[in-house]
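Asker: Got a sequence here, can you build the structure:
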Amino acid sequence: MKQTACIFFTVLIFMTAVSSIEAQITVSQDGEHSSIAEAVSMAMPGDTITVTEGIYREHDIRIKKPLTLVGEGRPVIDGGDNGYIILITADSVTVSGFEIINTGRSYIRDYAAIMIEKASDFVIEDNRLDNVFFGIYLAETNRGVVRNNHVESYDRREASSGNGIHLWNVKNPVIENNRVTGMRDGIYLEFAENARIMGNISNDNNRYGLHYMFSNGGVYYENTFRRNGAGVAVMYSENVDMKNNRFENNWGATSYGLLLKDIRNSTIEGNRFYRNTTAIYSESSSNILIRRNDVELNGWAVNIKSSSARNRFEENNFIENSFDVRTDSPRNNNHFEGNYWSAYEGYDLDRDGIGDVPYRPVSLFSIIIDRQPESLILMRSMFIRLLDTAERIAPVLTPKTLFDEKPKMTRIQ
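Answerer: Numbers count the residues shown, from 1 in each chain. Below is the predicted model:
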């Protein structure tokens, strides 16, 4: 009896061990499994599906269990302009190594190459998404990672293009080292908590390189936003850290490097603003530290509205901008101190590295342009230089309280 019981338990342990081994399923065009969707359907939770090189004309691939879906040799999944291509509604799913092309397009449905809904702990990495409506779409997710993907599309109309990486109602996402081109917004966040957006390149998108809406506690570091309709818009959010990014060549009649609207308690530090129409635009924003940024060769370095208050501009380099600061009010509720201004013509008799005369960055000519845009043709004339010099000595029209009392004499390193 004891021997029988021992054999029974041995067999039971063996069967349990076998059942816990994750299966490896291979999909190939001439093999036993030639359909990705069928392989996903037959797989057990925890299995790995390897898809070999080739073109797979499939869409609406639904993943409802924990799986790892890996492309070998960059296989192509062609959605044939039909709806979604991959939909994920399970936790712990990984998708990597694919080229995914040709989603459907719609004015009422957000068709995406990869759609993730109500899932956690997923990884989407090392994929190329081409000619897509939306690229990677996260909805009601937690702890997801989107990394090393390339998303590109070609519709130059804002109204009919989707977002490259779209986040709605997500928590703790990591968006890292992706490249997004030719979409409406490169990266879009709405109701995202504690997002980490790092090392991405977002260029040549129709509207914004990055669009933040109602998203608190996030950080975006070391990203590049280049040649977008506007670089970045951060709206209706608080406690956002924006550090070591590059805002370059976001140029146009209504273009900005960084647009701030209703932002509070945030930090903008160590960024480079280069050749934007307006480097930093601020409206109804407060308690923001703008520190140690390089603001160079922009049209307007700073356009700060009277609704913005208690913001601090410290130790920034303002270099060869057409206009340093623009405002719509004779009063100033923000603080400028210790910045370097290439247009500063003061002196430093005590040689402490700080100008002995305060610098007034709002020029009279900038006020004239606001009222008479056609006067821009006089920008480099001697007459305008004389007007600006006289206004700085005895300000009448420019804000008397908007000045940098301690302008640096040399560029801040």
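
Asker: distance between the strand or helix carrying V40 and the chain's centre?
Answerer: Assigned by DSSP states H and E, V40 belongs to helix 36-42. Relative to the mean C-alpha coordinate of its chain, helix 36-42 is positioned 34 Å out (C-alpha atoms, centre = their mean, to the nearest Å).

Asker: again with stretch 255-262
Answerer: Per C-alpha atoms, centre = their mean, the centroid offset for stretch 255-262 relative to its chain is 13 Å.

Asker: How about residues contacting it?
Answerer: With C-beta atoms under 8 Å, 6 or more residues apart in numbering as the contact definition, stretch 255-262 has outside contacts at 225, 228-237, 242, 247-248, 250, 268, 271, 273, 276-285, 288, 298, 308. For glycine as for every other residue, the C-beta is placed from the backbone atoms N, C-alpha and C.

Asker: low-confidence ranges in the stretch 1-150 of the chain?
Answerer: 1-22 (pLDDT under 70).

Asker: N321 belongs to a strand?
Answerer: No. Judged by DSSP: H, G, I helix; E, B strand; the rest coil, N321 forms no part of a strand; its state is coil.

Asker: gap between it and F313?
Answerer: Here N321 is placed at a distance of 13 Å from F313 (C-beta to C-beta, to the nearest Å).

Asker: Inside strands: which ones of the contacts of stretch 255-262?
Answerer: Among these, DSSP state E puts 225, 230-237, 242, 247-248, 268, 273, 278-283, 288 in strands.

Asker: Is it possible to mark the buried ones in those?
Answerer: Among the ones in strands among the contacts of stretch 255-262, those buried by neighbour count (16 or more other C-beta atoms under 10 Å) are 225, 230-235, 237, 242, 247-248, 268, 273, 278-283, 288.

Asker: can you give me the helices in the stretch 51-200 of the chain?
Answerer: For the stretch 51-200 of the chain, applying DSSP state H, counting those that start in this stretch gives no helices.

Asker: Repeat that for the stretch 301-413 of the chain.
Answerer: 364-371, 382-393.

Asker: what about Y274, how many neighbours?
Answerer: 19 (other C-beta atoms under 10 Å).

Asker: Is the residue nearest to it when sequence neighbours are not counted bridged to anything, and to what?
Answerer: Spatial nearest neighbour of Y274, chain neighbours left out: E248 (4.7 Å); criterion: C-beta to C-beta, 6 or more residues apart in numbering. Following DSSP bridges, E248 is listed with bridge partners R226, Y274.

Asker: ok, R272 - contacts?
Answerer: R272 neighbours (C-beta under 8 Å, 6+ apart): 245-248, 293-294, 296.

Asker: can you do 6 Å?
Answerer: Contact partners of R272, counting by C-beta atoms under 6 Å, 6 or more residues apart in numbering, are 246, 294.
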